[in-house]
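K.L.:
Take this sequence and fold it.
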Amino acid sequence: MRVRQLTAAAAALLLAAALGGCTEGHHRTPAPAPVPADPTATTGDVRPAERTAVRDGGTVRWALDGVPATLNVYQREANADSAVLAHALYPSLFRPDEHGRLAPDPDYLAAAESTPPGQQPQVVTYRLNPHAVWNDGTPLSAADFTAQRAALSGLDPAYRGGGRPAGYEAVDSIVQGADPREIKVTFRRPYAEWRSLFAPLYPAAETATSGAFNRALTGGSHLSAGPYSLSRYDADGGRVTLARNPLWWGERPKADRIDFLAAPPEQRLDALDQDRLDVAPLTAAVEKDTRALKRAESLPGITVHRAAAPSLTQLTVNAARGPLNDPALRRALARAVDRRRVAEAALAPLGLPGAPLGNHLLAQGQEGYHDDSAAAGPADAATLLDEAGWKRRGGGTRTKDGRDLSLTLLLPAGSASAERTAEALRTGLAESGIAVKPVTVPAETFVQDHLAAGDYDLALFSWPAGLSPADEQRPAYAKPRPDPDGALAPGTNYGRSGTEEIDHLFDRAAAELDPDTRLDLLQEADLRIWQLGHSVPLYQRPDLVAVRTGLQGAGAFGLAWPRFQDLGWSG
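P.N.:
Next up is the predicted model:
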């Protein structure tokens, strides 16, 4: 799902953590030389699917947290399980590779082309695969595109959703081109991340009216256009079964069916041991108790796949709280955090390298990633703290004007990984004379009662790394504006700091059709966010998935998506 939001449910899911320009004044430090990502690095750990080595037939049993309340990923009730099922059932015109680069999916697109940079208006011409049909035989058409744009553009408040995915409000019109297989989308303003639209695409029957769109998309007969079709949707029985789509025009799916089974994280190891599951995400269970990982690794016929998830764990700094309203202190704090120590504390017990994250907007391995942490200033945090007026005597806590530099650290309850991260932060910052007191709160109150209310100094959580960073990441860093009553309205910028320059860089990147220039603008925005001291990227949340021996095409996908037609059993 491309909507960038953090709900109480997301906080519970992202237990180990999961949420620069000029400063508030006119200070601006030179941009340092960036540290680029390794372009050869892989971001996933998936058992490769050589189709010739995968036999036809069989059933794959895949664990979900529960039968989702809807298959429409744009509705408020949608969750990560909704998105997994949507990948098997609905078209996405473009698919990300392991570096997050979007390429046309030939099962749905024969070609797609945008007008070149500088030519107005921007028009994207899609040429649909002539064989692409919904599972009642109806071809994909301009009507499906038009209805989805109407539902997601925000122009009609009767369409309810969990948040509006970026980009649809920029569309001016959608028309059929030279024939029914050609779709022309005209934008009212240039939109660089147009490849991320219509992913997934739903049939017009589900989006053409607000009544249809607002209904939960669950069991029963409804149209889909993936390699699999829905054959069973049993919320009470905890099972969603997908069977081969008889009208599928692409490569024949290997497995006869996929059973998605409701299996709470704490029950998955028993289900694997008793041969009742073949694919089981383990991150939530392992983050709560690392002993779960040892047990998973000991199970016969099971391999644990590991990858860095596209989920960016940050230490967010509340700029509206006490001394943290000083950008100089926030930058000093950022330099005082030993990000490698923190990453190793969180990830090494899970068998992952302790790779510190150096970018607010992009995941490691994602196209355009750079470690921009040097933008926060010199590595000597003690000097920065002294310059900000926080003095240390006798190795104790720093003080200024008789006040101790003592801060609270908010984290959600129930996670051993979060506790390890918090302890590494506490001990590391203490070495610089910053006293930190971890405060654990229930996941269900973490967002509304604390982040949104500004009731914290420092907070530990994660944000998803999306495929449209210019639009999707902007709300987390947009300069807070006063509401009609004059009070500060931060929206989802829980750090409560921002600048006009950063906003402008995001806006320019979202409208920049030249891909290299767009990435340059995103990097510049990240540099300014570091210089602002908004937050400190720490590491990527782990993705741990248990897979049964002999199953191909499954594992930890990183930035990529599963290709369900390749999923199957070897031999």
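
K.L.:
Can you classify the residue sitting furthest away from the middle of the chain as helix, strand or coil?
P.N.:
Largest separation from the mean C-alpha position in the chain: residue 394, at 44.0 Å (Cα atoms, centre = their mean). State at residue 394, reduced to three classes by DSSP: H, G, I helix; E, B strand; the rest coil: coil.

K.L.:
Would you map out the domains in this structure?
P.N.:
The chain breaks down into these domains under automatic domain parsing: 8-39+310-540, 72-220.

K.L.:
Tell me, how many residues neighbour the nearest residue to residue 422 once chain neighbours are set aside?
P.N.:
Distance criterion Cβ to Cβ, 6 or more residues apart in numbering; nearest residue to residue 422, sequence neighbours excluded, is residue 438 at 4.3 Å. Bear in mind the C-beta positions are built from the backbone N, C-alpha and C, glycine included. By the criterion of other Cβ atoms under 10 Å, residue 438 has 17 neighbours.

K.L.:
okay but residue 438 is in contact with residue 412, surely?
P.N.:
No: look at residue 438 against residue 412 with Cβ atoms under 8 Å: they stay out of range, at 11.2 Å.

K.L.:
measure the residue nearest to residue 363 when sequence neighbours are not counted to residue 361 for me?
P.N.:
Distance criterion Cβ to Cβ, 6+ apart; nearest residue to residue 363, sequence neighbours excluded, is residue 465 at 4.0 Å. To residue 361, residue 465 is 8 Å away according to Cβ to Cβ, to the nearest Å.

K.L.:
now the residue most central in space within the chain, which residues is it bridged with?
P.N.:
The centroid of the chain falls nearest to residue 464 when counting by Cα atoms, centre = their mean (2.3 Å). As for beta bridges, residue 464 partners with residue 311 under DSSP bridges.

K.L.:
Next up, phi/psi of residue 555, please.
P.N.:
Taking degrees, to the nearest 10, you get phi 150, psi -150 for the backbone angles of residue 555.

K.L.:
which residues does it contact?
P.N.:
44, 45, 46, 47, 305, 307, 545, 547 (Cβ atoms under 8 Å, 6 or more residues apart in numbering).

K.L.:
And residue 125, by the same measure?
P.N.:
Counting by Cβ under 8 Å, 6+ apart, residue 125 touches 111, 112, 113, 114, 177, 182, 183, 184, 185.

K.L.:
Residue 93 too?
P.N.:
104, 105, 108, 109, 112, 126, 195, 197, 198, 199, 201.

K.L.:
Secondary structure and distance to residue 167 for these - can I get that in JSON lines?
P.N.:
JSON lines is the format used below for these (DSSP: H, G, I helix; E, B strand; the rest coil; distance: Cβ to Cβ, whole Å):
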{"residue": "104", "secondary structure": "strand", "distance to residue 167": "17"}
{"residue": "105", "secondary structure": "coil", "distance to residue 167": "18"}
{"residue": "108", "secondary structure": "coil", "distance to residue 167": "18"}
{"residue": "109", "secondary structure": "strand", "distance to residue 167": "17"}
{"residue": "112", "secondary structure": "strand", "distance to residue 167": "14"}
{"residue": "126", "secondary structure": "strand", "distance to residue 167": "14"}
{"residue": "195", "secondary structure": "helix", "distance to residue 167": "10"}
{"residue": "197", "secondary structure": "coil", "distance to residue 167": "5"}
{"residue": "198", "secondary structure": "coil", "distance to residue 167": "9"}
{"residue": "199", "secondary structure": "coil", "distance to residue 167": "10"}
{"residue": "201", "secondary structure": "coil", "distance to residue 167": "13"}
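
K.L.:
Can you say which of the residues you listed are buried?
P.N.:
104, 105, 108, 109, 112, 126, 195, 197, 198, 199, 201 (16 or more other Cβ atoms under 10 Å).

K.L.:
Among those, which one sits closest to residue 241?
P.N.:
When these are compared for distance to residue 241 (Cβ to Cβ), residue 201 wins out at 22.9 Å.
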